[in-house]
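A.B. asks: Structure, please.
(3 chains)
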Amino acid sequence: MALRIGIFVCHCGTNIGGIVNVPEVVEYARKLPNVVCAEGNLYTCSEDGLSGIRYKIKEYDLNRVVVASCTPRTHEMLFRKNCEQAGLNKYLFEFVNLREQCSWVHMEDHDGATEKAKDLVRMGACKVSLLNPLEDIASEVIGACMVIGGGISGLSACLTLANQGYQVELVEKKDILGGLLRDINRVFHTNEPSSDLLDPLINSVLTHDNVTAHLKTELLGVKGFIGNFTATLKKGLRTQELKIGTIIVSTGASELKPEGSFGYGQFDNVMTQLDFEKRYKSDYKDLNRIVMINCVGARVDERTYCGRFCCITAIKNAILAKEANPGAEVSILHRDIMACGSVFEDYYRGALKVGIRFIRYNADRPPVILGNGNVVERVKVYNELVGRDIELDVDAVLLTTPLVPGEDTRQLSRIMKIPVGNDGFFLEAHQKLRPVEFPSDGIFIAGCARYPTEISECIAQGYAAAAKAAVPMAQGRVISDAFTSEIDPLRCSACGRCIEICPFGAIDWTDWEDPSGTIRTVALVNPTECKGCGLCVASCLSGAMDLKGFSDEQILAMVSSMVEITSQVA
Amino acid sequence: MEQKAVLIIGGGIAGIQASIDLADMGIKVYLVEKKPSIGGRMAQLDKTFPTNDCSMCILAPKMIECKNHENIQLLTYSMLDEISGEVGRFKAKVIKKARFVEEDKCVGCGECAEKCPTKVLDDFNAGLGKRKAIYKYFPQAVPSTYVIDPAYCRTLNGKKCGVCEKICKARAVNYKQKDQALILDIGAVILATGFDLYDVAPLKEYGWGRIDNVITAMQFERMICASGPSGGHLKRPSDEKEPSRLAFIQCVGSRDIRHKRYCSAVCCMHATKEAILAHEHYPDLTSTIFYMDMRAVGKGFQDYVHRARDQYDVEYVRARPGRVTENEENQNPIIHYEDTVRRELNAREFDMVILSQALIPTESNVSIAKKLGIDLDEFGFISTPEKLADPFGTTRDGIFGCGFCQSPMDVPDSVVRASAAASKAAEVLSLGV
Amino acid sequence: MKREDIDPIENEQAGEIKTRITTLIEKNNLYFCLECGKCSAVCPMLEFYGSYVYDRSPRAVVERLSFDPEGFDDEALWYCLACQECTFFCPSGVDFQDFTIALRALLLRHGFKKYALFCPVCGTYIMPKKEFENFQKTMNDEKIGELLSVCPRCKTTGYVEILHRVAPIQKRPKR
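C.D. replies: Okay, the predicted model is just below:
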């Protein structure tokens, strides 16, 4: 079929039109091979511009469309959809960026920018000629979600998903639900028992029709992709396979036990905050002199992050100890008090009010413990703001430590091909705008598995991950972009580079029968998971990989087109 | 599932995120925003910590997704007028204020604003520049329709003009446009009204308003932003010279019983970010940040602060300055403080002083709370009675809150809360309450 | 306060004073001090005394006395002018002015008067010794020097009047 290309060049207000001579580019475009229609628009993305394109598609019977305007990042979907509305396959559309890649970077050189715009349009027309019609890939989504980890984040996610009507498979390796909160005596800032918060939630989750709880169960493996995961569970000697559509990782974290620091493990009366809660529960009346040391194992060279809520934990335990024993002397040695926001700042003031003493020390001059036998008797600290050493008698020394990544993190990362950051916690897709998502579609994260997070934020993240999981399950299917990579199994040498390099875990091994009848193991791209980034194409030594929509043929044709006119001019 | 919709009040990043999540789930959303464009505070920022992403670049795709999503109806320049009913069965009346420009005709070309004779102090640019009486809230506004400010427009105030109407090729200007009232069937409401900036003029000791070269952090953000009034160049107000010694004073109005007792949570980080950006623009520039506690608690935040200190010439001084005076010869501000670590009283001269102002709940919270019949807490934030058991609830069933309007928090936390509130709203709708 | 009011209680238990000081500390919110240093920065007396000495600034006194109420036998407690700048500006709500005045009254009641000045005629408490020394040093005018000897009570010495008239104009730094 003969090519009939339509080219639409945008002024983008003055963004492009103020630098590039758009009418000249339109004139030039009109003369390119196979172009039957070319025009300029003030704002191609406006209602006028879009309907104009649809009209021209019909009037000129266009079978290829090029829009030369701003950035595909924000507008590609819009123009593709517009073509589709006019009855043209949306993958027969090419976007040329005349703004970020032309007018905005050549603001001083109007003539040069215009010439470059012509080059870019010519290259775009060349590429669009080689584009093939493609179909979006739709795959079904199973309306079930697997939540790994039954702590406060996981439980919250379970409850809301179940309430929204989805099936939830809760997998917990212990024989009891509740996670880290179970070990905590009272929670900040309400100072209520943690069971007040946990028990009703656990009850709601366990009695919900839509929830199946797998306790004392381990996750052995996960295969598949969004909408269609298969998880292998192990309980005792039995294994079981689950089919789910989405996965939420909420495996939590654990408190750092700072062996060797400040006499921990050496002296009876040196303990972490959690040890303190477990040992004394609410019976503090014999403790008259308590010293807490903050930032133990946090904000140091080996572990640069801040534990986020450990200051508040220390304050909580200090307040409780003081309430139980008003005459007690409680001191908190700190390096900053991280009581952000409205609730925590007031909580801090509450601690100040009852006479808890806050002493600031510098990381270069940490406190020194002075022991006698198997107890610590005194703590010496250089009060940075006062300029002298202070010695405090103690009955108990509490070390405030941060949460560290859970022991299962590395293993889970391997099983599900989800990334782990430098700090050892799971790494989300984008720190600002996608905090509960992984780059791999269909897998989400909530709670301390991502970073130390206080209770209300854990609950919020549980609900947020649930919302993200609910989206594909609500839609019932996932539509993936057709620009995915594709392998020619004949050329695949099974080196495995592409599998390793894919950030989305979209490539896996498969068995393939070659024309001679031999079964070979080759790589296979899952088009649903593939994001079309092209890393596999670049890494393939055998030339077996190609990317639809950015194929070698198409790109090389663009390069030829760019070079041939230049050499003619020269 | 019930075919009710969710009403989201507030079109900042939280409102936008909640809208997209719900819309993707197949639920209809009305996103109501009182300003002429969605985008909120993130649109005013240059870069965001700790990744130093260009704020508009990560925000714009979400704004456009909102506009184009078939399940989201954007109601900008609109406000909630009244609401009745109960969870699952609300009826809301939203007033869409007249823009005096037809939304379906305006192409956003800007010729009207070029010729408009009336200049007005620009609120988007924190008072640092001027806009016209007919204006687009900011260049990448969504929707991109212009709007006429009835307080300043000559024609609307009975004076002779009509220039924009004459000039507009699309014939989109309509001085006779009226406010529109929409009655909506709503199943649940999500509040995402964000924050306003505390007026620091009453803190006379710091000299904002009296000393030219003392500005607020938001003014600094607009200054350093490439699309701001000075094109990303730092020009100090008194003489437009490039400053090379910056000072940031933290907790101005925050953690202060005379103003706002609470901590605004993000200022330690945004001051560090601003110091880093300033140094990136001007490699010889140094910054001093006067703080009490360096609250860098989020993921990657401690590393960010260390980088600022080690690579970007940022000095951290633990002090809460007593007052700022002015060197009358060169208008350099002088900060008088006690360095609490060195235990020394000092008076240091800088080229420009930036006050990290307290961030307060939006003033519209008061009227919204009244209309919705919910409580605010003593600071004016949306009251969350069960902060642990139900972090998104308010004092009324079916009405949820998310983001800064509940309590000071940064963008990742707001976005999480927004998605969480979306889950709650989805629960309400699917339970068919 | 008359001379006969100041009755040194010989075997006064330091414990009782400590308890009363603790009460004063709680009443005036001294525990809320975050050591931000704003009080020191606005205190006119620090500039008046020249280079900063740790002992004298409001936050130093607050820090010391909050947790060491026995440190009340201290000249530094008598330097404060009680001008109220620190109380006004303190973001945490510490009322140092009220505390200082009440503390001094308490100490005087218990006979700790070695740092204070009294009218040689009627025995009225006038001002901290240190303050008087500084005024003597800085006030050159003979007439003012004479006036300094008129007491507000018995009218034979007049320190307090001069203090209020002279100090705000001469001694307070420009804002």
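A.B. asks: Would you map the strands across the stretch 101-250 of chain A?
C.D. replies: Listed in chain order, the strands found in the stretch 101-250 of chain A under DSSP state E, counting those that start in this stretch are A:137-140, A:144-148, A:167-171, A:186-187, A:192-193, A:211-214, A:218-225, A:228-235, A:238-244, A:246-249.
A.B. asks: The fourth one and chain B in contact?
C.D. replies: Yes. Contact of strand A:186-187 with chain B is found when judged by Cβ under 8 Å from any Cβ of the partner chain, involving residue A:187. (Each C-beta comes from the backbone N, C-alpha and C, glycine too.)
A.B. asks: name the helices or strands packed onto that strand?
C.D. replies: Identification of packing neighbours for strand A:186-187 by 3 or more Cβ pairs under 8 Å, 6 or more residues apart in numbering or on different chains; DSSP states H and E yields strand A:192-193, helix A:194-207, helix A:310-324.
A.B. asks: switch the cut-off to 7 Å
C.D. replies: Here strand A:186-187 touches helix A:194-207, going by 3 or more Cβ pairs under 7 Å, 6 or more residues apart in numbering or on different chains; DSSP states H and E.
A.B. asks: Helices of chain C, residue ranges please.
C.D. replies: Using DSSP state H, the helices of chain C run over C:14-27, C:38-42, C:44-48, C:58-67, C:85-89, C:96-109, C:129-138, C:142-147, C:159-170.
A.B. asks: Same check on the stretch 251-400 of chain A?
C.D. replies: For the stretch 251-400 of chain A, the helices defined by DSSP state H, counting those that start in this stretch occupy A:273-280, A:310-324, A:341-353.
A.B. asks: got the angle between the longest one and helix A:273-280?
C.D. replies: Taking axes from the mean of the first three to the mean of the last three Cα atoms, to 10 degrees, helix A:310-324 and helix A:273-280 form an angle of 30 degrees between their directions.
A.B. asks: Can you give me the buried ones in helix A:310-324?
C.D. replies: When neighbours are counted by 16 or more other Cβ atoms under 10 Å in any protein chain shown, the buried residues of helix A:310-324 are found to be A:310-322.
A.B. asks: now the closest residue to residue A:537 other than its chain neighbours, which residues is it bridged with?
C.D. replies: In this structure, residue A:537 finds its nearest non-sequential neighbour in residue A:545, 4.4 Å apart by Cβ to Cβ, 6 or more residues apart in numbering or on different chains. Residue A:545 has these beta-bridge partners by DSSP bridges: residue A:487.
A.B. asks: What's the local residue count around residue A:545?
C.D. replies: 25 (other Cβ atoms under 10 Å in any protein chain shown).
A.B. asks: Where does pLDDT dip in chain B?
C.D. replies: By pLDDT under 70, the weakly predicted segments of chain B are B:1-2, B:432-433.
A.B. asks: if you set the cut-off to 50 instead, what comes out?
C.D. replies: When the per-residue scores of chain B are filtered using pLDDT under 50, the ranges that remain are B:1, B:433.
A.B. asks: Any idea which residue of it lies closest to chain C?
C.D. replies: In chain B, the residue found nearest to chain C is residue B:322; the distance is 2.5 Å by Cβ to the nearest Cβ.
A.B. asks: burial measure for that residue, as a count.
C.D. replies: Residues within reach of residue B:322, counting by other Cβ under 10 Å, total 25.
A.B. asks: what residue lies at the spatial centre of chain B?
C.D. replies: Averaging the C-alpha coordinates of chain B gives a centre point, and the residue nearest to it by Cα atoms, centre = their mean is residue B:41 (2.5 Å).
A.B. asks: what's the average pLDDT for stretch A:201-216?
C.D. replies: Per-residue pLDDT values across stretch A:201-216 average out to 97.
A.B. asks: Work out the gap between that stretch and the centre of the chain.
C.D. replies: Between the mean C-alpha point of stretch A:201-216 and the mean C-alpha point of its chain there is a distance of 27 Å (Cα atoms, centre = their mean, to the nearest Å).
A.B. asks: Same question for stretch B:98-110.
C.D. replies: Relative to where its chain is centred, stretch B:98-110 has its mean C-alpha point 24 Å off (Cα atoms, centre = their mean).
A.B. asks: repeat for stretch B:313-324
C.D. replies: 26 Å.
A.B. asks: same check, this time on stretch A:3-19
C.D. replies: Centroid separation for stretch A:3-19 versus its chain: 36 Å, with Cα atoms, centre = their mean.
A.B. asks: Flag every buried residue along that stretch.
C.D. replies: A:3-13, A:15-17, A:19.
A.B. asks: Okay, the residue lying closest to residue C:33 once chain neighbours are set aside and residue C:39: tell me how far apart.
C.D. replies: In this structure, residue C:33 finds its nearest non-sequential neighbour in residue C:62, 4.6 Å apart by Cβ to Cβ, 6+ apart. For residue C:62, the distance to residue C:39 equals 8 Å [Cβ to Cβ, to the nearest Å].
A.B. asks: shared neighbours, the two?
C.D. replies: Overlap of the contact sets of residue C:62 and residue C:39 (by Cβ atoms under 7 Å, 6 or more residues apart in numbering or on different chains) consists of residue C:96.
A.B. asks: Sketch out the low-pLDDT regions of chain C for me.
C.D. replies: In the predicted model of chain C, residues C:1-11, C:51-52, C:158, C:160, C:162, C:164-175 satisfy pLDDT under 50.
A.B. asks: quick revisit: go ahead and confirm the residue nearest to the centre of chain B touches residue B:11.
C.D. replies: No. Taking contacts as Cβ atoms under 7 Å, residue B:41 lies outside contact range of residue B:11: 10.9 Å.
A.B. asks: just to revisit the earlier point, for the residue nearest to residue A:537, give me its contacts.
C.D. replies: Taking Cβ under 7 Å, 6+ apart, one finds A:485, A:487, A:498, A:536-537 in contact with residue A:545.
A.B. asks: at contact distance from chain A, anything in stretch B:95-115?
C.D. replies: Yes. Where contact is defined by Cβ under 7 Å from any Cβ of the partner chain, part of stretch B:95-115 touches chain A, namely B:104, B:107-110.
A.B. asks: Relative to chain A, which of these is nearest.
C.D. replies: Sorting the residues of stretch B:95-115 next to chain A by distance to chain A puts residue B:107 at the head of the list, at 4.7 Å, by Cβ to the nearest Cβ.
A.B. asks: pretty sure the closest one is in a helix, no?
C.D. replies: No. Secondary structure of residue B:107 (DSSP: H, G, I helix; E, B strand; the rest coil): coil, not part of a helix.
A.B. asks: So which residues on the stretch 201-350 of chain A come close to chain B?
C.D. replies: A:299, A:304-306, A:308, A:336-343, A:345.
A.B. asks: re the thing from before, out of the buried residues of stretch A:3-19, flag the one nearest to chain C.
C.D. replies: residue A:15 (47.2 Å).
A.B. asks: Just say helix, strand or coil for that closest one.
C.D. replies: Residue A:15 is classified as coil under three-state DSSP.
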